[in-house]
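# return a 3D structure for these sequence lines:
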Amino acid sequence: MTKNKRVLTRIDDRLLLKINRKLALKKFSSYDISKLIRASIESFFNKDLFAYVQNTNIIIKVLNELKLDLSGVISNFSQIQEHIKKFTSSSELVNSLELMQQDVKKQILDINFLVQLLKPFNDLNIKDNIITLRIESNVYSQIMSKIEEYSFINFDRSKFIRTSLKYYLDKKYFVISDKKIVLARELMKNASQVDAASNDINQIAFYFNVEKEVDINDIKGVLNSFDKYLGDTYLLVNKLHQESLKEF
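Numbering: from 1, shown residues only. Prediction:
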């Protein structure tokens, strides 16, 4: 078939060196860079590496939703603190809120770090080498339709080509481990619990804004539940981080 689609991609020096070493082998004497890229793309599809990308996309989606809930809690905590300071003498509760707010901010940073780790081939190396791929239009369309499914990992065309080359040249077949799948399912459950607790906190902040009375014991109960779920989040995010490091 006619390879009428021309695609340019930037790569770093290290990846270019690996490509040239591969092309220097007798087995690849009939290959040029474009043919090598096509072989890597074919391998990527044949080994169903998109399953890895898809699972990673789902995990990042959950992490982003979790981060959004936690970000909202920070502003609600501030409102609740101000109200308690004005109308009660419960310094213990104010101190607890301040400590919890710090924990939430740290958890958001941990989530951001994990999200960056999970993104396929999201490196910061300087990519000042341009390589050219010539490919059939139907294969190109197939690639783009797949890539568009994964909006949470910013998996664009260039990253796909670099990722397929990396897997092909390093002979690595990345999969989501069984343990990571279990952790991801636990995180999904935890995220729904955090969402429910954050909604309760938002409700308390709303009541204070409209000057509706809220019992201190009710506040403590909501905060205790949220604190438990936040602790679970901390453990799960760190376990996911450690498990993810094994894939790289």
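# now residue 39: how far from residue 193?
46 Å (Cβ to Cβ, to the nearest Å). Every C-beta, even on glycine, is put in place using the N, C-alpha and C of the backbone.
# quick one, longest helix in the protein?
helix 50-87 (DSSP state H).
# report the buried residues of it.
50, 52-57, 59-63, 65-67, 69-70, 72-73, 76-77, 79-81, 83-84 (16 or more other Cβ atoms under 10 Å).
# with stretch 194-202 instead?
Quick answer for stretch 194-202 (16+ other Cβ under 10 Å): 194, 197-198, 200-202.
# ok, stretch 170-189 next?
Buried residues in stretch 170-189, defined by neighbour count with 16+ other Cβ under 10 Å: 174, 176, 180, 183-184, 187-188.
# equivalent analysis for stretch 142-151, please.
Buried residues in stretch 142-151, defined by neighbour count with 16+ other Cβ under 10 Å: 143, 146-147, 150.
# in CSV: these, plus secondary structure.
Shown next, in CSV, are the buried residues of stretch 142-151 (DSSP: H, G, I helix; E, B strand; the rest coil):
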residue, secondary structure
143, helix
146, helix
147, helix
150, coil
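# can you pull out the helices in the chain?
Secondary structure of the chain (DSSP H): helices at 13-23, 33-46, 50-87, 91-118, 137-147, 157-170, 178-209, 216-245.
# and which of the buried residues of stretch 170-189 is nearest residue 110?
residue 187 (12.5 Å; Cβ to Cβ).
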